[in-house]
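Engineer: Below: sequence and its predicted model.
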Amino acid sequence: EPEVTQTPSHQVTQMGQEVILRCVPISNHLYFYWYRQILGQKVEFLVSFYNNEISEKSEIFDDQFSVERPDGSNFTLKIRSTKLEDSAMYFCASRGPLLAETTDTQYFGPGTRLTVL
Amino acid sequence: GQQVMQIPQYQHVQEGEDFTTYCNSSTTLSNIQWYKQRPGGHPVFLIQLVKSGEVKKQKRLTFQFGEAKKNSSLHITATQTTDVGTYFCAGENNYGQNFVFGPGTRLSVLP
């Protein structure tokens, strides 16, 4: 079973600090996503990424957020100046190439719990 | 913007009883996906529905997509304690762009 990995599992930071959350998507996948989930609430879409650029982003994904795929394997989410309300679980997800048999499965990573103090 | 709603918010059943959760989108969807999230875990993909009126089964789970492609349901027959978790639907308007998740239905199964 292929899997998406994320590091760190838990990140604690001071308000105003920058954080980088890292994800390694499944190797042959082409679509990448970041979501967040505030404790006890629903999963919220942040951004999708395809062909080395952002496909779509939500209202949450403001100028404080950015994504990168710096090499062939990592996919990162940067929050430039964290706020208390950024505290949440952040999930990375990846999805396969359009024509593959398992295209439609979106695999979620285990998440990074971000705590902003 | 697009909204996805789910009912009920919570459901408590006795083991062996059936369970159904309903999902409704404010807009027509290209496809809908269902996920299960155990407490403390991450969402795990269950299935994707694409065609109008589509019905898919996975063992005790039956998924339906409405004719108008705006609503969907997940039905579990004879629940087991392993079915405990939150079930989310997620609607996609255009492939590869974004999914809008519903608020989820939290299922508790009493032995």
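Structural biologist: Now that the structure is in, tell me what you want to look at. Keep in mind it's a predicted model, so treat the numbers as computed, not measured. Residues are numbered from 1 along each chain as shown, chains lettered A, B, ... in the order given.
Engineer: which other helices and strands contact the lowest-mean-pLDDT helix or strand in chain B?
Structural biologist: One helix or strand of chain B scores below all others by mean pLDDT, DSSP states H and E: strand B:99-101, with a mean of 91. Under the contact criterion of 3 or more Cβ pairs under 8 Å, 6 or more residues apart in numbering or on different chains; DSSP states H and E, strand B:99-101 touches strand A:43-50, strand B:85-92. Glycine gets a C-beta too; all of them are placed from N, C-alpha and C.
Engineer: now what about that strand, what contacts it?
Structural biologist: A:33, A:35, A:42-45, A:106, B:2-4, B:25, B:33, B:35, B:88-92 (Cβ atoms under 8 Å, 6 or more residues apart in numbering or on different chains).
Engineer: Kindly recompute the last result at 10 Å.
Structural biologist: With contact meaning Cβ atoms under 10 Å, 6 or more residues apart in numbering or on different chains, strand B:99-101 is reached by A:33, A:35, A:37, A:41-45, A:48, A:58, A:93, A:95, A:106, B:1-4, B:6, B:23, B:25-27, B:29, B:31-33, B:35, B:43, B:88-93.
Engineer: Quick check on the residues you listed: which are buried?
Structural biologist: Among the contacts of strand B:99-101, those that count as buried by neighbour count (16 or more other Cβ atoms under 10 Å in any protein chain shown) are A:33, A:35, A:37, A:42-45, A:48, A:58, A:93, A:95, A:106, B:4, B:6, B:23, B:25, B:29, B:31-33, B:35, B:43, B:88-93.
Engineer: now the angle from the strand or helix carrying A:Phe91 to strand A:43-50?
Structural biologist: Assigned by DSSP states H and E, A:Phe91 belongs to strand A:88-95. Computed by axes from the mean of the first three to the mean of the last three Cα atoms, to 10 degrees, the angle separating strand A:88-95 from strand A:43-50 equals 40 degrees.
Engineer: next SSE after strand A:88-95?
Structural biologist: Per DSSP H and E, strand A:88-95 leads on to strand A:106-108 as the next helix or strand towards the C-terminus.
Engineer: I'd like the mean pLDDT over stretch B:73-80, please.
Structural biologist: In this model, stretch B:73-80 has a mean pLDDT of 98.
Engineer: repeat for stretch B:30-49
Structural biologist: In this model, stretch B:30-49 has an average pLDDT of 94.
Engineer: Quote the end-to-end distance of that stretch.
Structural biologist: End-to-end distance of stretch B:30-49 (Cα to Cα, to the nearest Å): 9 Å.
Engineer: So B:Val13 sits against B:Asp83, correct?
Structural biologist: Yes. Here B:Val13 reaches B:Asp83: they are 8.8 Å apart, a contact under Cβ atoms under 10 Å.
Engineer: Looking at these two, which is more packed in?
Structural biologist: In this view B:Val13 and B:Asp83 are compared by other Cβ atoms under 10 Å in any protein chain shown, and B:Asp83 has more residues nearby, 18 against 15.
Engineer: give the contact list for that one.
Structural biologist: By Cβ under 10 Å, 6+ apart, B:Asp83 lies in contact with B:Val13, B:Glu15, B:Phe19, B:Lys36, B:Arg60, B:Leu61, B:Ile76, B:Leu107, B:Ser108, B:Val109.
Engineer: so how many other residues sit close to the second one?
Structural biologist: Counted with other Cβ under 10 Å, residues neighbouring B:Glu15 total 13.
Engineer: Quick check: end-to-end length of stretch A:20-35?
Structural biologist: Stretch A:20-35 end-to-end distance (Cα to Cα) = 14 Å.
Engineer: Does it reach chain B?
Structural biologist: Yes. Contact of stretch A:20-35 with chain B is found when judged by Cβ under 10 Å from any Cβ of the partner chain, involving A:Leu30, A:Tyr31, A:Phe32, A:Tyr33, A:Tyr35.
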